[in-house]
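K.L.:
predicted model follows, preceded by the sequence.
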Amino acid sequence: MVEPQPSKLVMGVRFPSPAPGQAFRARFDVFALAPVVFLLLWSSGFICIKIGLAYTGPMVFLALRYALVLGLLAPAIIWLRPRRPRGREWRDLVVVGVLIQFGYFAGCYLSEEYGLSAGGLALITSLQPILVALLAPRVTGGTVGARHWLGLALGLAGTVIVIVSRAQVRQVTGEGLFWAAVALLGMTAGTLYEKRSGGAHHPLSAIAVQYGVGFALTVVFALVLEPLHVHWTGPFIGALSYLVLANSLVAVSLLLAMIRRGAVARVSALFFLVPPAAAVIAWLLTREGIPPLAWLGMVLAGAGVGLVLRPAQAIAQANP
């Protein structure tokens, strides 16, 4: 299978082609480590979410997160005055904001609030790469070959083993399952829509619109569902700060950039590694034990994602 060539769009900004001597360095410096950085930031964010929810409600927590992100973006927007979206660009950015910034994140927060365990949530949302692979040929015109399907199967198997071996799939409630399904469908639809529509938006304008949409919807749900009360403690402030800076500004920007540059099914496969990475981070920070079976699951998940991410050109060179 021939992988589609990456476009010259990074968060919607068109850059001139680098000089021949700079092409490799620019590509390596910017994107070679992007999946690793994204995975570390995204996975460690689950620990911060767990900490923050002990001090306030899920929608209040998410609304505060978005408000701070918008507050940090405002000075840069005023100073740089980026190009504003035009015409249908507004619609595209609003749709992605609704699907990812509200659908996925609010769904995750509310599913745990309504009784679904973190392991159960991870198990449901780990189906996202499979849904993307099934829908991508119809929506974005990409193709998913046999090697990718094998990688997706290994990745899913490894993720299930990690979660089940750590005994994290316990509680199941109707409300929790509903919001987990909302999160799964939101991220899947948002990923596909971003890949299909991704225009030449300025990055500041794009993320400001998307977070503004997420903030507006989250505030409405917070007013309807929760008391507006927060226990301002050191751990809460630390968790909120990390989610704002590392997750909302860096990790989400990397995710959108990778979606626009690469095959959408390959990028989505990274989500198989989120539960294993979160387990390792928790082990390093809290010395929470990892059963031997979980390590086997991590190896399977890593092998599966490696198959999906490995370029077809490399496969051809290895098998002349």
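P.N.:
Nice, thanks for sending it over.
K.L.:
the strands in the protein, which residues?
P.N.:
Counting by DSSP state E, the chain has strands at residues 9-10, 13-14.
K.L.:
just the mean pLDDT for the first one, thanks.
P.N.:
Okay, so that is strand 9-10. For strand 9-10, the mean pLDDT works out to 36.
K.L.:
same check, this time on stretch 218-235
P.N.:
91.
K.L.:
contacts made by that stretch with the rest, please.
P.N.:
51, 54-60, 62-64, 66, 102, 106, 236 (C-beta atoms under 8 Å, 6 or more residues apart in numbering). In short, each C-beta sits where N, CA and C put it, glycine included.
K.L.:
same thing with stretch 92-110?
P.N.:
49, 53, 58-59, 61-62, 66, 85, 121, 125, 175, 179-187, 189-191, 193-194, 197, 199, 201, 205-206, 209-214, 217-218, 221, 252.
K.L.:
of those residues, which belong to helices?
P.N.:
49, 58-59, 61-62, 66, 121, 125, 175, 179-187, 189-191, 193-194, 197, 205-206, 209-214, 217-218, 221, 252 (DSSP state H).
K.L.:
just the buried subset of those, written out for ChimeraX, thanks.
P.N.:
Of the ones in helices among the contacts of stretch 92-110, the buried ones go into a single ChimeraX selection, burial set by 16 or more other C-beta atoms under 10 Å:
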select :49,58,59,61,62,66,121,125,179,180,182,183,184,185,186,187,189,190,191,193,194,197,205,206,209,210,211,212,213,214,217,218,221,252
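K.L.:
what sits against Tyr193?
P.N.:
Asp92, Val95, Val96, Leu99, Val139.
K.L.:
pLDDT at it, what is it?
P.N.:
Value listed for Tyr193 in the pLDDT field: 87.
K.L.:
would you mind measuring from it to Val274?
P.N.:
Note on Tyr193: its distance to Val274, by C-beta to C-beta, to the nearest Å, is 21 Å.
K.L.:
so, low pLDDT: which residues of the stretch 1-150 of the chain?
P.N.:
1-32, 117-119, 136-145, 148 (pLDDT under 70).
K.L.:
just the helices in it please.
P.N.:
20-27, 34-52, 58-80, 88-96, 105-113, 118-125, 128-139, 146-165 (DSSP state H, counting those that start in this stretch).
K.L.:
so can I have JSON lines of those helices showing distance to Ile281?
P.N.:
Supplementary listing: the helices of the stretch 1-150 of the chain in JSON lines, determined by distance: least, C-beta to C-beta, whole Å:
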{"stretch": "helix 20-27", "distance to Ile281": "28"}
{"stretch": "helix 34-52", "distance to Ile281": "5"}
{"stretch": "helix 58-80", "distance to Ile281": "20"}
{"stretch": "helix 88-96", "distance to Ile281": "28"}
{"stretch": "helix 105-113", "distance to Ile281": "17"}
{"stretch": "helix 118-125", "distance to Ile281": "13"}
{"stretch": "helix 128-139", "distance to Ile281": "20"}
{"stretch": "helix 146-165", "distance to Ile281": "13"}
